[in-house]
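S.K.: Test case, fold it:
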Amino acid sequence: MRRLLTLLLACFALAVVAAGCGGGDDDDSDSGNSGGNAPAAEEPAAPTAEDDGGSGSGGTGPGTQVAMKDIKFDPATVTIKPGGKVTWTNDDSVGHDVTGDDFESGSPGGIDGGSTFSHTFTKPGTYNYVCSVHPGMEGTVKVKKG
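M.R.: Numbering: from 1, shown residues only. Take a look at the predicted model:
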C-alpha cells in the first residue's frame, strides 16, 4: 500500500512539473519577457500601412493579434498580407506554444501566462498551427496578396 501511494505521489509530482515547465519563448515583440531562448531568425517585415482590420477579428491586415484563452486560439483563423506579423498573447494561466510546420514559438508550453510570441509571414499561403501540449487547440494563418 505504501509503495502504491509513493508511486501515485511521484506520478502526480511529475505531472505538475510537466504541466508547468517550459523555457522562454521566441518573442520578438520586446514586451519585457524574460524567456531563456534567443529569438529565432526571421526575415524583417516589409513596410506596412496601419493595420486595416486584422487586430484579432479575423480580418485582413498587415498584422494581427491572436489570444490564447480557455485552451483555444481566438480568433482561430486570421488573414494577413505578406510581410504581416501575427502576435499571440497567452491570456491563460497555463503555458501554451505555437507550433506550425514552418515556425514555432519554442519549447512545448513555453509561452507563460501574460507572455507573447510573434512571427512574420513573408510568403502567401495557409499556415496551420497547434499548441502541442493541448490537443484540439488549433489555428490557421492565411497570408494573401492584396
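
S.K.: Show me what counts as buried in the lengthiest strand in the chain.
M.R.: Counting residues, the longest strand in the chain under DSSP state E turns out to be strand 77-90. Within strand 77-90, the residues scored as buried using 16 or more other CB atoms under 10 Å are 78-90. Every C-beta, even on glycine, is put in place using the N, C-alpha and C of the backbone.

S.K.: wait, residue 121 sits on residue 78?
M.R.: No: applying CB atoms under 8 Å as the test, residue 121 and residue 78 come out as separate, 10.1 Å apart.

S.K.: what's the distance between residue 127 and residue 99?
M.R.: Counting by CB to CB, to the nearest Å, the gap from residue 127 to residue 99 is 11 Å.

S.K.: With neighbour numbers in mind, choose between those two.
M.R.: Remark: of residue 127 and residue 99, residue 127 carries more neighbours, 19 against 15, as counted by other CB atoms under 10 Å.

S.K.: The more buried one - that's part of a strand, no?
M.R.: Yes: under DSSP: H, G, I helix; E, B strand; the rest coil, residue 127 sits within a strand.

S.K.: got a list of what it touches?
M.R.: 100, 101, 102, 103, 121, 140, 141, 142, 143 (CB atoms under 8 Å, 6 or more residues apart in numbering).

S.K.: What strand or helix carries residue 63?
M.R.: Assigned by DSSP states H and E, residue 63 falls within strand 60-68.

S.K.: okay, the contacts of residue 127 in a markdown table with neighbour count and secondary structure next?
M.R.: As requested, the contacts of residue 127 are exported to a markdown table (neighbours: other CB atoms under 10 Å; DSSP: H, G, I helix; E, B strand; the rest coil):
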| residue | neighbour count | secondary structure |
| --- | --- | --- |
| 100 | 16 | strand |
| 101 | 8 | coil |
| 102 | 10 | coil |
| 103 | 18 | coil |
| 121 | 24 | strand |
| 140 | 16 | strand |
| 141 | 22 | strand |
| 142 | 15 | strand |
| 143 | 19 | strand |
